[in-house]
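Q: Predicted model and sequence follow; I will ask about them next.
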Amino acid sequence: MNELTALVSVALLALAATLALIGFGDVAPSALLHLAFAVGIMPLILAAYIYFVPVLTRSGGAPASVRALPWLALAAGSLSFADMLRPGNIGQEIAIAALAAVAATGAIAGWTLARARRAIGPAHPCLHWYLAAALCLVLALAAVLAMPLWPEQYLALKRMHLHLNMSGFIGITAVGTLQVLMPTVAGRPDPGTGARLRRDLPYAVAATLVIAGAAAWRGPLAIAGAALWGVPLWRLARAWAAQHRAVIVSWHGAAPALGVALAGFALMLFHGAVHGLGIVTTHQAPVAFITLFLLPLVTGAVAYLLPVWLRPGPQGPWHAAVRKAAGRWGGARAGIFLCGGLAYALGMPWGIALSALALLMFVVQVARGLAPRHGSN
Ligand code: HEM
């Protein structure tokens, strides 16, 4: 098993454990969220950069020193989770965790820049999305480091950390990757991808900064931030509707989950903007972010990419068989994720059970796909 597949397993376990623990009132909500985001998602995203950067720069695989960095991020995320499990004030372990995560992210960003400079021809525009997303994570962690220095702004810094992470680090990585991944999954190149990525990054970055600033200090401006994010999302949705509708609205395959992930991200932004006006509470928002957006995104991407990660190189019948098994009833699964996530976001706790069911379906299907009778070459 390589680093990326190991970290996919860690992330799926962390997300499943978060869903299972939501029902237990004695786990601190911030600890639960860091189990999902800092233990599960942060190291996975950093490992995904390390996988995609050589593909996008047409260069060789990353050296072992770079491949070790997501594990440093996993250690940092686990430390933040462990510290938040304890009742009382946030300890100095949090600062150590934040510094370690900054070091891992900064080193990966530096390596990405070096690879982009050495690339033959202009760097793929998706690399700029990854660098912008990594910068958002570094800023989000800087907000954590500023908390003890500026205690009267604790709440503002916490909101800034939250939005720089959700809309910036995760959102920008996800939307950049979806632009490249969907045409690959659909088996139909999209000639507009490069131009869209170049044109839309300034909107995504500006939107994130406005949302984070508005959440911290000036609530109503969050509407402007969400509207700015709406520009790239609308353009992407229109391109998908024109070119990939048939694979997205389908019973099987990875594309339906990617379609639901995009819709889920747009819904979460809308929810965030309405919250900025004080119309709804945030109570369900971070968990709905997991069920409506992250679970469809991760399962959709893994359903398509897992065979390549497990056996890189030329694609054969084994890859096609695993992909087919993992994508079987992918449309129905995506529908269950959507219904479960919406139900939970609208205040119906049983929505979590639906999301957990769809996740279980996915794990069982992948396991069946990898079982020896599918595994013969
Ligand atoms: C090592 C990395 C990290 C550290 C040290 C850290 C630290 C913190 C701290 C100190 C808080 C305030 C907690 C409280 O007031 O109870 C917080 C809140 C939060 N963080 Fe992180 N964080 C890290 C990574 C992340 C990541 C990667 C994400 C998401 C991608 C994230 C999402 C959040 C969210 C959603 C909250 C709000 C929690 C709430 O309202 O209870 N954090 N974080």
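A: Thanks, I have it.
Q: mind listing the strands for the stretch 151-300 of the chain?
A: All residues of the stretch 151-300 of the chain lie outside strands when identified by DSSP state E, counting those that start in this stretch.
Q: show me what contacts the residue nearest to residue 257 when sequence neighbours are not counted?
A: Computed as C-beta to C-beta, 6 or more residues apart in numbering, the closest residue to residue 257 that is not its neighbour in sequence is residue 300, at 3.0 Å. From N, CA and C alone the C-beta is placed, and that goes for glycine too. With contacts taken as C-beta atoms under 8 Å, 6 or more residues apart in numbering, residue 300 has the following neighbours: 185, 254-258, 260-261, 330, 334.
Q: need the contact list for the nearest residue to residue 136 once chain neighbours are set aside.
A: Leaving aside its sequence neighbours, residue 136 sits nearest to residue 168 (C-beta to C-beta, 6+ apart; 2.8 Å). If you count contacts by C-beta under 8 Å, 6+ apart, residue 168 has them with 132-133, 136-137, 139-140, 205, 208, 212.
Q: and the gap between residue 168 and the ligand?
A: For residue 168, the distance to the ligand (C-beta to the nearest ligand atom, to the nearest Å) stands at 9 Å.
Q: and what of residue 20?
A: Distance of residue 20 to the ligand, given as C-beta to the nearest ligand atom: 19 Å.
Q: hang on, isn't that residue packed against residue 355?
A: No. Checked against C-beta atoms under 8 Å, the pair residue 20 and residue 355 is beyond contact range at 11.2 Å.
Q: counting contacts, what elements does the one helix or strand residue 127 maps to pack onto?
A: Element membership of residue 127, judged by DSSP states H and E, is helix 125-146. Under the contact definition 3 or more C-beta pairs under 8 Å, 6 or more residues apart in numbering; DSSP states H and E, helix 125-146 sits against helix 42-57, helix 93-118, helix 154-163, helix 171-186, helix 193-216.
Q: which parts of the stretch 151-300 of the chain sit against the ligand?
A: Listed as neighbours of the ligand in the stretch 151-300 of the chain under the rule C-beta under 6 Å from any ligand atom: 158, 161-162, 165, 169-170, 286.
Q: Mind picking the two most distant members of the residues you listed?
A: Greatest spatial distance in these: 158 and 170, 16.8 Å, computed using C-beta to C-beta.
Q: what about these two, which has more around it?
A: residue 170 (23 against 16; other C-beta atoms under 10 Å).
Q: Tally up the residues packed near residue 63, please.
A: With neighbours defined by other C-beta under 10 Å, the count for residue 63 comes to 10.
Q: again with the one 3 residues further on
A: Taking other C-beta under 10 Å as the neighbour definition, residue 66 ends up with a count of 21.
Q: what's near enough to touch it?
A: Neighbours of residue 66 in contact, by C-beta under 8 Å, 6+ apart: 50, 107-108, 111.
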